[in-house]
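Engineer: Got a predicted model here, sequence first, then my questions.
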Amino acid sequence: MGKPTGFLEFEREASKYRSVEERIKDYQEVEEKYDPKQTNRQAARCMDCGIPFCHNGCPLGNIIPEFNDAVYEENWKQAYEILDSTNNFPEFTGRICPAPCESSCVLGINKPPVAIEYIEKSIIEKAYEKGWVVPHIPKVRTGKTVAVVGSGPAGMATASQLNKAGHTVTLFERADQIGGLVRYGIPDFKLNKDLIDRRIAVMEEEGVIFKTKINVGVDISAERLQSSFDAIVLTGGSTVPRDLAIPGRELKGVHFAMEFLSQQNKRVADSKGKNVDFLKSHEGISYQNGDLTAMDKNVVVIGGGDTGSDCVGTSNRQGAKEIHQVEIMPMPPLERAESTPWPLWPMQLRTSSSHLEGVDREWQINTKAFIGDENGNLKALKLVNIEWVKDNGRMSMKEIPGTEKEVTCELALLAAGFLHPQHEGLLNDLGVEFDQRGNINAPKYQTSNEKVFTAGDMRRGQSLVVWAISEGREAARAVDEYLMGESFLEAKAVSMISPAYLGI
């Protein structure tokens, strides 16, 4: 590599955050802009490790040591070309990926791993600055048409790859803007939506057709969809949330996390460039369950994952009085657990930028009931401490006597994840089969309806953005082979190490 002793000379420096006092007053990205000198130092830490396990940790198979070396040599254009060959949207993964590649970095065995995610973000931002991200319009069109339903990262990646193969691709989205989860589920302080628009503009010039405000299965029937396109790819995500069926669930003030987050993302989008107070309701927007805001409320976020963390950050910016986040599982260890040694994805405590802004986090807490006032408004939660015990070889939870308590709460946000895609409507009309978890059964991306393919959370269940992009790329290759008999689209390199072994 460029500097064989770099890992001995430089410490790990990942993305730096703006101060808490500054960032909770706006919805701009919490991370500071990349520093080319810092990026160069981090690239220098990449070892000449012989077998780069980071390849296996990355669901996209990014060629990490090579683009690190190019950055160290200050050959940024080459670094971009290497990164672009495997990742359609490094501007997304460089910001919101939990970086499984870093967990399997060889340097991480006994030192902090290479800051791969920071390097990736730096490369793509440099590429946009220099004008290297340009449309690549296919020289020849195949005459084949493909409908992609759902415009999240899996759908965008599928459309991008199939367009590259020369097919005419129409990407349908039922919302008013393209982006799916990254548009409406990820807060702007983690991913500025201008980044999505920037990429969409490139894809439009390449020939991808975007159609918004069209609910396929309602506005366009499954029958018409099948008769109008040579192939269909379903990338609508896992959209049925995991609910909490306990007393008081019907009270006003109990909401799914995604409804809360989507509302705020729409406010920010509608207010862009205007001098308005984001904490107030924005005129002209109506919501099914009214205007949700954490302002001056005691908020309890139920669920300890990334979505719960996003609710914490959003609640702080809206002016919540107090925020609690409760998780039913035990608190992870501060360092990598012995049960998940390198190069596995580590079981350990993760603290996000939102957590650093203020929240009371508790583990091994079960929510027993929502308590309301005489007007049907939420006023408190009934919680109890639990312990996990082995019962016939399986872990089960047991309440700890005497720990039941009531916590004041006017806004409870359910952030317990998603079960599977919505079956009613389009999926049932297309006649696709489902697996035991309720996801679409498509081991090789093709469903039981040979003309219909699927990718992303609809196929594998709720997962990471980086997995969605990987799924989209692989599904596109499967569709291309179906339409043309062969495919020249890039295939993901076959890993020498089992993904199951790596814990991904």
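Structural biologist: Looks like it arrived, so ask away. Residues are numbered from 1 along each chain as shown.
Engineer: Need the phi and psi values for residue 183.
Structural biologist: When quoted as degrees, to the nearest 10, the phi and psi of residue 183 stand at phi -80, psi -50.
Engineer: swap that for residue 372, sorry
Structural biologist: The phi/psi pair for residue 372 (degrees, to the nearest 10) is phi -120, psi 170.
Engineer: and the lengthiest helix in the chain, how far out from the chain's middle?
Structural biologist: If each helix of the chain is counted by residues according to DSSP state H, the longest one is helix 465-484. The offset between the C-alpha centroid of helix 465-484 and the centroid of the whole chain comes to 18 Å, using Cα atoms, centre = their mean, to the nearest Å.
Engineer: Could you say which helix or strand holds the residue sitting furthest away from the middle of the chain?
Structural biologist: With Cα atoms, centre = their mean as the measure, the chain has its most outlying C-alpha, relative to the mean C-alpha position, at residue 374: 39.4 Å. Secondary structure here is read from DSSP states H and E; on that basis residue 374 sits in neither a helix nor a strand.
Engineer: what's the distance between it and residue 248?
Structural biologist: Noted for residue 374: a distance of 13 Å to residue 248, by Cβ to Cβ, to the nearest Å. Glycine gets a C-beta too; all of them are placed from N, C-alpha and C.
Engineer: before we move on, back to that, and the longest helix of the chain, average pLDDT?
Structural biologist: Throughout helix 465-484, pLDDT has a mean value of 98.
Engineer: List the buried residues for it?
Structural biologist: Judged by neighbour count using 16 or more other Cβ atoms under 10 Å, the buried positions of helix 465-484 are 465-483.
Engineer: Count the neighbours of the closest residue to residue 295 other than its chain neighbours for me.
Structural biologist: Closest residue to residue 295 in three dimensions, ignoring its sequence neighbours and counting by Cβ to Cβ, 6 or more residues apart in numbering: residue 319, at 4.4 Å. One way to gauge burial is a neighbour count; for residue 319, by other Cβ atoms under 10 Å, it gives 15.
Engineer: And for residue 230?
Structural biologist: By the other Cβ under 10 Å criterion, the neighbourhood of residue 230 contains 17 residues.
Engineer: Enumerate every residue touching the residue lying closest to residue 481 once chain neighbours are set aside.
Structural biologist: Taking Cβ to Cβ, 6+ apart as the measure, residue 481 lies nearest to residue 487, with 4.6 Å between them; neighbours along the chain are not counted. Applying Cβ atoms under 8 Å, 6 or more residues apart in numbering, we find residue 487 in contact with 165, 477, 480-481.
Engineer: cool, residue 472 as well?
Structural biologist: Applying Cβ under 8 Å, 6+ apart, we find residue 472 in contact with 88, 153-161, 235, 455-456.
Engineer: can you give me phi and psi for the closest residue to it other than its chain neighbours?
Structural biologist: Leaving aside its chain neighbours, residue 472 sits nearest to residue 157 (2.9 Å; criterion: Cβ to Cβ, 6+ apart). Torsion angles at residue 157 (phi, psi; degrees, to the nearest 10) stand at phi -70, psi -40.
Engineer: Residue 157 contacts residue 465, correct?
Structural biologist: No - counting by Cβ atoms under 8 Å, residue 465 is not a contact partner of residue 157; they are 10.0 Å apart.
Engineer: sorry, back to before: please report how far the residue farthest from the centre of the chain lies from residue 476.
Structural biologist: The spacing between residue 374 and residue 476, counted by Cβ to Cβ, is 56 Å.
Engineer: Repeat that for residue 141.
Structural biologist: From residue 141 across to residue 476, the span is 16 Å (Cβ to Cβ).
Engineer: and what of residue 432?
Structural biologist: Noted for residue 432: a distance of 18 Å to residue 476, by Cβ to Cβ.
Engineer: Just say helix, strand or coil for the closest residue to residue 134 other than its chain neighbours.
Structural biologist: Setting aside the residues directly before and after it, residue 134 is nearest to residue 202 in space (Cβ to Cβ, 6+ apart), at 7.4 Å. Applying DSSP: H, G, I helix; E, B strand; the rest coil to residue 202 yields a three-state assignment of helix.
Engineer: Tell me who's in contact with residue 202.
Structural biologist: Contacts here follow Cβ under 8 Å, 6+ apart; on that basis residue 202 touches 133-135.
Engineer: Kindly indicate which of those lies nearest residue 309.
Structural biologist: Each of these was checked against residue 309 using Cβ to Cβ; the closest is residue 133, at 29.8 Å.
Engineer: Look up the pLDDT of the closest one for me, please.
Structural biologist: Among the per-residue scores, residue 133 holds a pLDDT of 98.
Engineer: now swap in residue 270 and tell me
Structural biologist: At residue 270, the pLDDT recorded in the model is 87.
Engineer: Can you get me a residue count around it?
Structural biologist: Using other Cβ under 10 Å, the number of residues around residue 270 comes to 13.
Engineer: Shouldn't it be within a helix?
Structural biologist: Yes - when three-state DSSP is applied, residue 270 is found to be in a helix.
Engineer: my read: residue 153 touches residue 90, true?
Structural biologist: No - shown here, residue 153 and residue 90 do not form a contact pair, counting by Cβ under 8 Å, at 11.6 Å.
Engineer: more crowded one of the two?
Structural biologist: When residue 153 is set against residue 90 and neighbours are counted by other Cβ under 10 Å, the residue ahead is residue 153, at 32 against 27.
Engineer: if I pick the residue nearest to the more buried one when sequence neighbours are not counted, what's in contact with it?
Structural biologist: In space, not counting the residues next to it along the chain, residue 153 is nearest to residue 468; the distance is 4.2 Å by Cβ to Cβ, 6+ apart. Residues in contact with residue 468, defined by Cβ under 8 Å, 6+ apart, are 152-154, 157, 181, 235, 455-457.
Engineer: Looking at those, which is nearest residue 62?
Structural biologist: Closest to residue 62, out of all of these and judged by Cβ to Cβ, is residue 157, at 13.8 Å.
Engineer: wait, which of the contacts of residue 487 is closest to residue 260?
Structural biologist: Nearest to residue 260 among those, counting by Cβ to Cβ, is residue 477 at 37.0 Å.
Engineer: could you measure the closest one against residue 492, distance?
Structural biologist: With the distance defined as Cβ to Cβ, residue 477 ends up 9 Å from residue 492.
Engineer: Now that residue 181 has come up, it's in contact with residue 154, right?
Structural biologist: No - with contacts defined as Cβ under 8 Å, residue 181 does not count as touching residue 154, sitting 9.2 Å away.
Engineer: who touches both of these two?
Structural biologist: 237, 468.
Engineer: These two: which is more packed in?
Structural biologist: Each of residue 181 and residue 154 had its neighbours counted (other Cβ under 10 Å), and the higher figure belongs to residue 154 (35 against 25).
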